[in-house]
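In: Prediction below, plus the sequence it came from.
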Amino acid sequence: MAGMSFEMSGGVAGTARSSTYVPGRDLIDEVDYSALRRAGRPRSLGNSPTFEEIQRLQGFDGPVTVATRGEVDAAVAAGQRQLFRGFEEDRYLDAFITGPVRPGGGPTGSGTYVTPLEHIALDYTDPTRTLDRATRQARVLRMALRPGTKTITLRELEKERSQAWSQVTRELEAVRGIANRTDEENARYAALQDKELTFADIGRYGALRGWDAIDGSATFSNKEWVVLNPTAQLVQRREP
């Protein structure tokens, strides 16, 4: 269950830095979508301002927990998938560890892309294929999600989002068909458009629903996952 306590092997004191896990909740029917799309832009770290604002609303904007090897092993033994992320430059790896985590984008929407396949993560460290293996390995982080985090498969989330999106589309059509709309109806129409645009990114939709990560391993050959909540991540500390 989300929010359950997890005593990592070696204890929290054995980590290089422990972040508090913040479980999400369903915000789909609570947020003002027009305000949501406006709010994130001035404070954005990258090209996903609306997603970052959802993270702030959920409390997902904290850092990852930097853990010992034993703590990550314990999470994997408890049933969590071992995951890896590769970085093209050391500075990107360092920024990820120190936080805040800057979300990326891709076929599964906004979030942090990781893979259970270490060789795929290694490939991401060296797109030009010019680095030696030791350098590439030094740019790969091993991690796992905390036991008790909320995950959903990409297929399940796509099915759910499709139903929600269809409802928004029907509501838009109904308002669009009103002749001589009032100011209130025009505001309703604009809000529904902003909601539809927000749902267009499945990472944003998943974060609004309170999911910590999306499991796309059954969909993509690289088995990628997308982490929506960095506070759910345990990242193995780099040995000196």
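Out: Alright, I've got the coordinates. Note that this is a predicted model, so its numbers are computed, not measured. Numbering: from 1, shown residues only.
In: Just the buried residues of the longest helix along the chain, please?
Out: Secondary structure of the chain per DSSP state H: the longest helix is helix 154-176. Buried residues in helix 154-176, counted by 16 or more other Cβ atoms under 10 Å: 154, 157-158, 161, 165, 168, 171-172, 175. For glycine as for every other residue, the C-beta is placed from the backbone atoms N, C-alpha and C.
In: Equivalent analysis for stretch 133-150, please.
Out: Result for stretch 133-150 [16+ other Cβ under 10 Å]: buried residues 136, 139-150.
In: just the residues you listed now: which is nearest Leu93?
Out: Arg139 (5.8 Å; Cβ to Cβ).
In: Give me the spatial nearest neighbour of the closest one, chain neighbours excluded.
Out: Using Cβ to Cβ, 6 or more residues apart in numbering and skipping residues adjacent in sequence, the residue nearest Arg139 is Thr125, 4.1 Å away.
In: ok, the one you found - contacts?
Out: Neighbour list for Thr125: 86-88, 131, 135-136, 139-140 [criterion: Cβ atoms under 8 Å, 6 or more residues apart in numbering].
In: any idea how far it is from Ser217?
Out: 21 Å (Cβ to Cβ, to the nearest Å).
In: lowest-confidence helix or strand of the protein?
Out: Among the helical and strand segments of the chain, the one scoring lowest on mean pLDDT, DSSP states H and E is helix 33-39, with a mean of 89.
In: What is that one packed up against?
Out: Contact here means 3 or more Cβ pairs under 8 Å, 6 or more residues apart in numbering; DSSP states H and E; on that basis helix 33-39 packs against helix 49-58, helix 183-199.
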